[in-house]
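**Student:** give me a model of this one.
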Amino acid sequence: MTDALGAWRARVRRAGGDTAVGAAIAAGAMAALALFLVTAYFVTLFVIGIGAVALPVVTKGVRRLCNLNRRAAGRVGVPVAVPYRPQPREFEKDIVGWMRRRQWILTDPATWRDLLWLLLDTAVGTVGLLPAAVLCYALEGFVVGAGLWRPLLDANGTGWWYCFITVDSRPSALLALAAASGLLLAWPWTGRPALKAHAYFTRFLLGPTENTVLASRVRHLAETRTTALDTQAAELRRIERDLHDGAQARLVSLGFTLGAVERNMDRKPEEARRLLREARESSVLALRELRDLVRGIHPPVLAERGLADAVRALGIDSPLQVAVETDVPGGLPAPVESAMYFSVSELLTNALKHSGADRVEIELRHGQDVLYARVADDGRGGADAGRGTGLHGIRRRLAAFDGTLDISSPVGGPTVTKMEIPCALSSPKTSSS
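**Tutor:** Okay, the predicted model is just below:
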């Protein structure tokens, strides 16, 4: 009984939200007509220069309204991607830049699809009033059935027409109350279908076309290719620097020490033995630095045991309490395994250094040609991918493989990071867990 009551309350709350969103969509439909007329007016006047002045301002308002409707569609499970072409990084601060900005707006196909949506939404957007209309009509039935029909009957002698019922007596008032109760019970189920219908209409006109998706894909690949090349160059410089300042310097020092040993072998045997001990210690340190360098390029455990065991080794080495759950097959591409491994490693480091967490949960799985990872900690939260280099570096690392990073980190925690990398297997699935 308690569960049923809780479910009903949750449905009523959701219906209230749907009703508010629907009313906002209907209000936006009225604004859409005004925006369409204003935009069409300034586009028409563009040829004589007057419209060119106001066009960017009007376009900003149009796109803001369209984006609000895209978000409303996503709220009911119909995601609509933003199809606009990216704005050039900067325009010249002269008449050429001024005209290029207008050209960028007018040559974007999404601009014209926005205008068509504005025109049609003046009619289609009224569907958002359905849940509010049902609720108001139900409330009207309660008011009429509760006794309002009496003064209405006294005023005109005909009663009140409600749901095919002429309310002019006590029995008809009870029928009106019953009809109003039915409408009120049906109200929570009216908002979502209406909003979804409008969402599909919005996606049809405001979503990206195939050509837009292809162009966006090409831009993304070009950007990630540049990022991957920059990252690779930076990594090679780091390796060169570490070799030059670390192992190479020790090996050079080792050579000088062995030369001194050779010179003192006969004349000063004690000094030669001391220098041999130093040489042995230097060789151990050089070997350790080389191993650390190799581990930073491609950890041996990752090459020998695979991603699942490599991540488990990260958890064992971490001072935090790390729980690892994996369902990762064999046959993953080595670059993808390496990218995911170092991304998880960076997140563990962030949890240790910045979040104040005590426990971290790591989940790894592969399905539908996507490698998925989820890292959650119980720290203080507040992580922002826009600040610092750690999370930004992870995003760039994943983007090189067309991967994504999604982080939720409200102040007070917890921090939950989700990563996905599209990848197909090169061999039949054999779970390592």
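**Student:** any regions of the stretch 1-150 of the chain where pLDDT drops low?
**Tutor:** Scanning the stretch 1-150 of the chain for pLDDT under 70 picks out 1-4, 46-53, 88-98, 147-150.
**Student:** how about the helices in it?
**Tutor:** 2-44, 50-75, 95-106, 109-124, 130-143, 149-156 (DSSP state H, counting those that start in this stretch).
**Student:** ok, which of the ones you listed comes nearest Glu271?
**Tutor:** For the helices of the stretch 1-150 of the chain, the distance to Glu271 is smallest for helix 95-106, at 74.5 Å, taking Cβ to Cβ. To be clear about C-beta, it is placed using only N, CA and C from the backbone, and glycine gets the same treatment.
**Student:** which residues touch the nearest residue to Phe401 once chain neighbours are set aside?
**Tutor:** Spatial nearest neighbour of Phe401, excluding adjacent residues (Cβ to Cβ, 6 or more residues apart in numbering): Ile421 at 4.9 Å. Neighbour list for Ile421: Val336, Ala339, Met340, Val370, Leu371, Leu398, Phe401, Asp402, Gly403 [criterion: Cβ atoms under 8 Å, 6 or more residues apart in numbering].
**Student:** please pick the buried ones from these.
**Tutor:** Taking 16 or more other Cβ atoms under 10 Å as the criterion, what is buried in the contacts of Ile421 is Val336, Ala339, Met340, Leu371, Leu398, Phe401, Gly403.
**Student:** wait, the third one sits on Ala373?
**Tutor:** I take that to be Met340. Yes. The pair Met340 and Ala373 passes the contact test of Cβ atoms under 8 Å, sitting 5.9 Å apart.
**Student:** give me the common contacts of these two.
**Tutor:** Leu364, Met419.
**Student:** ok, back up a step: out of the contacts of Ile421, flag the one nearest to Leu130.
**Tutor:** Val370 (37.6 Å).
**Student:** send me stretch 173-186 as PDB with only the CA atoms.
**Tutor:** This file holds the C-alpha atoms of stretch 173-186, laid out as PDB (Å, rounded to 0.1, in the frame of the first residue of the first chain):
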ATOM      1  CA  ALA A 173     -24.100  17.600 -10.100                       C
ATOM      2  CA  LEU A 174     -23.000  14.200  -8.700                       C
ATOM      3  CA  LEU A 175     -22.500  13.000 -12.200                       C
ATOM      4  CA  ALA A 176     -20.300  16.000 -12.900                       C
ATOM      5  CA  LEU A 177     -18.300  15.300  -9.800                       C
ATOM      6  CA  ALA A 178     -17.800  11.700 -11.000                       C
ATOM      7  CA  ALA A 179     -16.700  12.900 -14.500                       C
ATOM      8  CA  ALA A 180     -14.300  15.500 -12.900                       C
ATOM      9  CA  SER A 181     -12.800  12.800 -10.700                       C
ATOM     10  CA  GLY A 182     -12.200  10.600 -13.800                       C
ATOM     11  CA  LEU A 183     -10.500  13.500 -15.500                       C
ATOM     12  CA  LEU A 184      -8.300  14.200 -12.500                       C
ATOM     13  CA  LEU A 185      -7.300  10.500 -12.300                       C
ATOM     14  CA  ALA A 186      -6.500  10.600 -16.100                       C
END
